[in-house]
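> Provided below for reference: sequence and predicted model.
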Amino acid sequence: MPGEDKDGPRAASQGRHRRLPGRSPCTSGEGGLPLRIILLSGKSRALRPLRPPRGPGVSMRGGCFRFWRPSLRNAVGRFHLLRLSLLRLLRDSPRRVEDMAAEWAAAGGVQRGHVSFVRFATWASRQGANLAVGLEVKPGSARRCRARVSGQACKCKTFVAGAGVACASCGHAERVHWSDSSRQGLAALLLSCRPSHWTPGATGLVKLMDPVLLDKLNCLLTRTHKEGDNWTRDRGCALHGVNACESACIFKNKVAVPVGYRLASAQRNQSPLHWARYSMMRAAILKESHARGGCKRMATESSQEPFDRLDGAPLDERVNEWWLFHGSSEASCLSICERNFALDLAGSGATWKRSSGAGASLYGPGVYFAERITKADEYAVGSAGENGSTVYTVLLCRVVAGSPRVCTTNQIDAERLREDILGGRHHSVLGDRVTELKKPFREIVVYDTDQVYPEFLLTYTRRY
């Protein structure tokens with residue numbers, strides 16, 4: 001594979017490090033495999049920590065981020081790997097760490113079972129590792145050429161795509177073109193990552209007053225409603241509710257599907273920390289996908305024109321960034337906007353279960369989304385509105401689907417599917433139960449919450 005020799009990535013084959021026994025190298029973020037995952041607990045992928053070289057071009061991604069696929073009989077303990085990584089990062093100012101189990105938890109490993117690059121960068125910064133993040137987090141940033149010719153800096157101001165990987169303007173490789181933002185440490189990146197279209201000086205939920213944007217959001221509810229063939233058993237039984245009786249009872253006493261939806265109010269979620277993490281993940285998936293020739297462009301009902309430019313930051317089709325719905329109670333939606341999704345709860349209400357409690361989410365414990373409001377509305381919970389009306393809440397989220405794994409049948413090993421997404425060539429699951437199974441809806445699932453930004457909280461009414 002380009003960029004590797006028999007001992008793994010070139011950056012690791014300078015005599016300082018010996019290959020871990022029983023491991024075969026797989027590509028790093030430089031070569032194309034996931035910047036998303038650095039550790040999987042137990043039997044999957046693990047980090048091989050490297051001593052980062054010195055110099056102005058060094059980044060947390062480029063110097064400390066490599067992958068190895070451990071065999072089951074030679075697995076290296078996750079705490080040991082974190083300790084080694086910490087020592088490499090902090091070689092100039094050693095820090096004594098007594099409880100690596102606590103560090104694993106602090107990095108997000110307990111909740112997720114893995115640590116993504118985003119979480120690793122956050123964790124490493126807390127330990128004092130002041131390295132550049134090394135990702136193009138801001139789409140459209142000028143990527144100045146960092147090459148030097150005969151001791152003089154190249155005068156190229158930004159990368160211009162040409163034949164192959166060379167810049168059409170200066171002829172230097174794309175890999176030496178970096179924006180100023182990519183050379184920032186995490187702390188500076190967090191401060192600079194706030195979108196320009198947000199309400200200045202405000203954080204948290206901000207009520208939308210722009211009539212044009214409100215009209216677009218209302219139009220989105222109208223356009224994504226499915227008028228026919230739109231009932232599923234997730235909507236529940238009119239007598240017993242959801243997941244409280246047998247299938248025969250549910251089909252006999254179907255809850256009516258609304259004929260439409262009307263927006264009552266909307267709020268934008270302005271969370272700089274969650275936005276920065278989301279932006280880093282989007283940039284990581286973009287870089288990973290670019291190394292493989294790019295993502296196959298796909299569309300959802302909720303992300304087509306004119307909704308691809310719903311607000312001040314257009315969707316990035318290069319990574320299949322989509323607007324998707326997630327229905328829940330008002331309390332849950334408020335909590336998600338504040339803390340983001342919790343994977344220990346994710347998927348718990350995504351599929352129908354028998355009254356005995358048997359069964360589980362079809363695609364495993366991930367975060368489930370719908371491209372149609374009709375599907376998301378199945379999980380919305382009513383609350384008291386004005387004038388005695390009942391209102392419902394749904395989140396409209398940005399989701400980086402990347403290269404989805406398309407599933408068209410019900411023959412799914414959910415745990416294997418999740419591991420394939422976290423450690424493989426895909427970034428999400430597109431559950432297409434429409435094409436072959438002739439079911440009403442498609443669903444989208446991600447297994448890392450940093451691929452999601454809950455941007456709008458929509459309050460709406462049902463029409464019957």
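It's in.
> what about Gly294, distance to Trp198?
29 Å (CB to CB, to the nearest Å). For every residue, glycine as well, the C-beta is placed using N, CA and C.
> can you pull the poorly scored residue ranges out of the stretch 51-200 of the chain?
Along the stretch 51-200 of the chain, the parts satisfying pLDDT under 70 run over 51-100, 111-115, 127-136, 138-141, 149-151, 163-165, 173, 175-176, 178, 180-192.
> quick one: which of Gly294 and Trp198 has more around it?
Just comparing Gly294 and Trp198: by other CB atoms under 10 Å the higher neighbour count belongs to Trp198, 19 against 12.
> what sits against the nearest residue to the more buried one once chain neighbours are set aside?
The shortest distance from Trp198 to any non-neighbouring residue, by CB to CB, 6 or more residues apart in numbering, is to Gln270 (5.0 Å). Contacts for Gln270 (CB atoms under 8 Å, 6 or more residues apart in numbering) come out as 198-199, 202-206.
> make a ChimeraX selection of the buried ones in the residues you listed.
Buried residues among the contacts of Gln270 (16 or more other CB atoms under 10 Å), as a ChimeraX selection:
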select :198,205
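> so which of the contacts of Gln270 comes closest to Leu315?
Ranked by distance to Leu315 (CB to CB), those are led by Trp198 at 16.8 Å.
> the closest one contacts Ser271, correct?
No. Trp198 lies out of contact with Ser271 (CB atoms under 8 Å); the separation is 9.9 Å.
> how close does Ile373 sit to Gly366?
To Gly366, Ile373 is 20 Å away according to CB to CB.
> give the buried residues for the helix ranked longest in the chain.
Ranked by residue count and defined by DSSP state H, the top helix of the chain is helix 272-291. The neighbour-count check on helix 272-291 (16+ other CB under 10 Å) flags 274-291 as buried.
> OK, contacts around the closest residue in space to Glu371 that isn't next to it in sequence?
Counting by CB to CB, 6+ apart, the nearest residue to Glu371 once its immediate chain neighbours are dropped is Thr300, at 3.9 Å. Contacts for Thr300 (CB under 8 Å, 6+ apart) come out as 322-324, 371, 442, 444.
> mind checking how far the residue nearest to Tyr447 when sequence neighbours are not counted is from Leu430?
Nearest non-adjacent residue to Tyr447, counting by CB to CB, 6+ apart: Gly366, 4.5 Å away. Using CB to CB, Gly366 is found at 12 Å from Leu430.
> coming back round to it: redo the contacts of Gln270 as JSON lines? Include secondary structure and distance to Lys254.
JSON lines is the format used below for the contacts of Gln270 (DSSP: H, G, I helix; E, B strand; the rest coil; distance: CB to CB, whole Å):
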{"residue": "Trp198", "secondary structure": "coil", "distance to Lys254": "42"}
{"residue": "Thr199", "secondary structure": "coil", "distance to Lys254": "43"}
{"residue": "Ala202", "secondary structure": "coil", "distance to Lys254": "43"}
{"residue": "Thr203", "secondary structure": "coil", "distance to Lys254": "43"}
{"residue": "Gly204", "secondary structure": "strand", "distance to Lys254": "39"}
{"residue": "Leu205", "secondary structure": "strand", "distance to Lys254": "35"}
{"residue": "Val206", "secondary structure": "strand", "distance to Lys254": "39"}
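> from the contacts of Gln270, which is closest to Arg416?
Nearest to Arg416 out of those is Leu205 (CB to CB; 38.2 Å).
> show me what the residue nearest to that closest one when sequence neighbours are not counted bridges to in the sheet.
In space, and not counting its chain neighbours, Leu205 is closest to Gln267: 4.2 Å by CB to CB, 6+ apart. Per DSSP bridges, residues listed as beta-bridge partners of Gln267: Lys207, Leu457.
> that'll do, ta.
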